[in-house]
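Asker: Below is the structure, and that's it, no one-letter string:
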């Protein structure tokens, strides 16, 4: 496959004001794409959109109408949509025992899972109108391994991977590819509460640029329904799921 050419392409990025989303927006803009940043952080998002000659839309991904408005803004401002990077996420959702916090649970599930479902639902008509395109969802290595310190986070990220694996083959015939990124601990604002502990224990932290490089590899490729792991010191590639036992 030839490398991704952003000329004439339009990309929507949720969680686009900071971190991985902002870095991906800068990379896509360098490749010639027009970018629409969707985020609750209006100050940072508006400033970045101005820098990149893009657009900013305030978007709480927990609200379906907000995702629909963000897609509509991409179509109205730039004429269509080719890439939906459903990247908004939060951590710290906690456990289900004595530490259970209903508000934190609903916020985490709303942003990390509902935000992807609502984003896909909103983006599909615009992608179909272009004859196809790419949906990339930010999941996590927590989707691929046990996460005892934050089981609810592990649950919603695993659900994102399950959704992507199902939608990949379901939408392939329409030219819409759906894939997930599964980074380990990346150097973003989400990491701040535990960054000191990781550094003390010598646990390697991913650079944001490493995640963006993997994101571009997904766009460069032709696979769908894949979950790309991104961990320090290894080349990013699709995780190899084993087949489940069938009936006999």
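Answerer: Perfect, thanks for sending it. A quick note: this is a predicted structure, and the numbers were derived from the prediction, not measured.
Asker: Residue 90: neighbour count?
Answerer: For residue 90, the tally of surrounding residues (other CB atoms under 10 Å) stands at 18. From N, CA and C alone the C-beta is placed, and that goes for glycine too.
Asker: ok, it to residue 107 distance?
Answerer: Distance, residue 90 to residue 107, using CB to CB, to the nearest Å: 6 Å.
Asker: Need the residues that contact the longest helix along the chain.
Answerer: Looking across the chain with DSSP state H, the single longest helix is helix 151-171. Here helix 151-171 makes contact (CB atoms under 8 Å, 6 or more residues apart in numbering) with 91-96, 104-105, 108-109, 112-113, 116-117, 120, 124, 135, 137-140, 142-144, 146-147, 177-180, 182, 223-227, 241.
Asker: Go again with 6 Å.
Answerer: Residues from elsewhere that reach helix 151-171 (CB atoms under 6 Å, 6 or more residues apart in numbering): 91, 93, 95, 105, 108-109, 112-113, 116, 137, 139-140, 142-143, 147, 178, 180, 224-225, 227.
Asker: can you check stretch 174-190 too?
Answerer: Stretch 174-190 is touched from outside by 19, 91, 127, 131-141, 143-144, 161, 164, 167-168, 171, 191, 205-208, 211, 214-215, 218, 224, 226-231, with contacts defined as CB under 6 Å, 6+ apart.
Asker: which of those residues count as buried?
Answerer: Neighbour-count burial (16 or more other CB atoms under 10 Å) applied to those gives 19, 91, 127, 133-141, 143-144, 161, 164, 167-168, 171, 191, 206, 208, 211, 214-215, 218, 224, 226-231.
Asker: Sort out for me which of these are in helices.
Answerer: Among those, the members found in helices (DSSP H) are 19, 127, 161, 164, 167, 168, 171, 208, 211, 214, 215, 218.
Asker: of these, the lowest pLDDT goes to which?
Answerer: By pLDDT, residue 208 ranks lowest within those, coming in at 89.
Asker: excluding its backbone neighbours, what's nearest that one?
Answerer: Distances taken as CB to CB, 6 or more residues apart in numbering put residue 23 closest to residue 208, at 4.7 Å, once the chain neighbours are dropped.
Asker: same thing with residue 39?
Answerer: Nearest residue to residue 39 in three dimensions, chain neighbours excluded: residue 17, at 3.8 Å (CB to CB, 6+ apart).
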